[in-house]
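Enquirer: Predicted model, plus sequence, below.
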Amino acid sequence: MSGGGTGETNRGTRTKSGEGRHDALANALAGAIQAGALAPGEWLKQIDIEQRYAAKRMDVRRALDRLVQKRLVMHQPNRGYHVVKPDGRLAQEIRDVRVILETGAVDAIVARVRDEDVAQMQRLAQRFDALLPGGTIIDLHDANIAFHGRLLGLCGNPELVLLVEELRGRIPSAGAGQWQKRSRIEQSNREHFAMVEALAARDAGALRTLIRAHILQQQEEEPAPVGHSRPAER
């Protein structure tokens, strides 16, 4: 009996170790993309990544697939992986559609929100804020998605939430775009807390204005690479 238990423990340890390796590699690659070390459109050769990061082939594949999920990298069958290259026109059109959909949901959000929902949104905003000093771009991405997914979910229309998720998936994530400046991340963080305040006050007008500005924020300044791979949002 004890031998069987030890085997299960060993397998669990190996699994966690493997997950840790490819997660660490994904974070390192995401940081290189965010810092501009890997340029938009650049093809990623798996053998180069293996050698540069002393990584195993399976860990490289898993790390790249994780970056595909985060919309930092694209995979083309029979060709390989490359860093996402933003399409400015498409991104603008999708942002415009999102503004219509997400601001249109504000009245329903305000009508349905409960005090416990406000408390949860505050915790989600604090989670993002806590990552600013040293969180990875993937950690920030996940915290940001959790915040905005929950906020929109308060409208009570799951089909709308799915539609917005689909739209977001058609353009590069924040990590490949507007989060290339720390000031942009910090502004997004402030906007998160402002949204929570508007939600708590049941102020539909303020919330609508904040959501619109938050979605369109990339227009305010062009992103410029920064010289570090671990940034302190959308």
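Expert: Here it is on my side, so go on. Residues are numbered from 1 along each chain as shown.

Enquirer: Let me know whether Leu199 touches Ala119 as I believe.
Expert: No: assessed by CB atoms under 8 Å, Leu199 is found out of contact with Ala119, at 10.5 Å. All C-beta spots, glycine's among them, are computed from the backbone N, C-alpha and C.

Enquirer: who's more crowded, the two?
Expert: The neighbour comparison of Leu199 against Ala119 (other CB atoms under 10 Å) goes to Leu199, with 23 against 12.

Enquirer: and that one, what element?
Expert: In the assignment (DSSP states H and E), Leu199 maps to helix 182-200.

Enquirer: elements contacting that helix?
Expert: With contacts taken as 3 or more CB pairs under 8 Å, 6 or more residues apart in numbering; DSSP states H and E, helix 182-200 sits against helix 115-130, helix 137-153, helix 204-215.

Enquirer: same thing but at 7 Å, please
Expert: helix 115-130, helix 204-215 (3 or more CB pairs under 7 Å, 6 or more residues apart in numbering; DSSP states H and E).

Enquirer: what's the most buried one of the ones you listed?
Expert: helix 204-215 (a mean of 18; mean count of other CB atoms under 10 Å).

Enquirer: how much distance is there from it to the middle of the chain?
Expert: Centroid displacement of helix 204-215 relative to its chain, using CA atoms, centre = their mean, to the nearest Å, is 20 Å.

Enquirer: I'd like the average pLDDT over that helix.
Expert: Helix 204-215 carries an average pLDDT of 96.

Enquirer: May I have that helix as CSV, with CA atoms only?
Expert: Only the C-alpha atoms of helix 204-215 are listed here, as CSV (Å, rounded to 0.1, in the frame of the first residue of the first chain):
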residue,chain,number,x,y,z
ALA,A,204,-24.3,53.9,-15.1
GLY,A,205,-23.0,57.0,-16.9
ALA,A,206,-19.6,57.0,-15.2
LEU,A,207,-19.2,53.2,-15.8
ARG,A,208,-20.2,53.6,-19.4
THR,A,209,-17.6,56.3,-19.9
LEU,A,210,-14.9,54.3,-18.1
ILE,A,211,-15.5,51.2,-20.1
ARG,A,212,-15.4,53.1,-23.4
ALA,A,213,-12.1,54.8,-22.5
HIS,A,214,-10.6,51.5,-21.3
ILE,A,215,-11.4,49.7,-24.5
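
Enquirer: Pop the domain breakdown of this protein in here.
Expert: 2-83, 88-220 (automatic domain parsing).

Enquirer: Lowest average confidence across those, which one?
Expert: domain 2-83 (a mean of 79).

Enquirer: residues contacting Ala63?
Expert: 22, 25-26, 29 (CB atoms under 7 Å, 6 or more residues apart in numbering).

Enquirer: rerun at 6 Å
Expert: Contacts for Ala63 (CB atoms under 6 Å, 6 or more residues apart in numbering) come out as 22, 25-26.

Enquirer: Please produce JSON lines containing these, extended by secondary structure, neighbour count and distance to Ala105.
Expert: Listed next are the contacts of Ala63 as JSON lines, based on DSSP: H, G, I helix; E, B strand; the rest coil; neighbours: other CB atoms under 10 Å; distance: CB to CB, whole Å:
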{"residue": "His22", "secondary structure": "helix", "neighbour count": "20", "distance to Ala105": "36"}
{"residue": "Leu25", "secondary structure": "helix", "neighbour count": "23", "distance to Ala105": "38"}
{"residue": "Ala26", "secondary structure": "helix", "neighbour count": "25", "distance to Ala105": "32"}
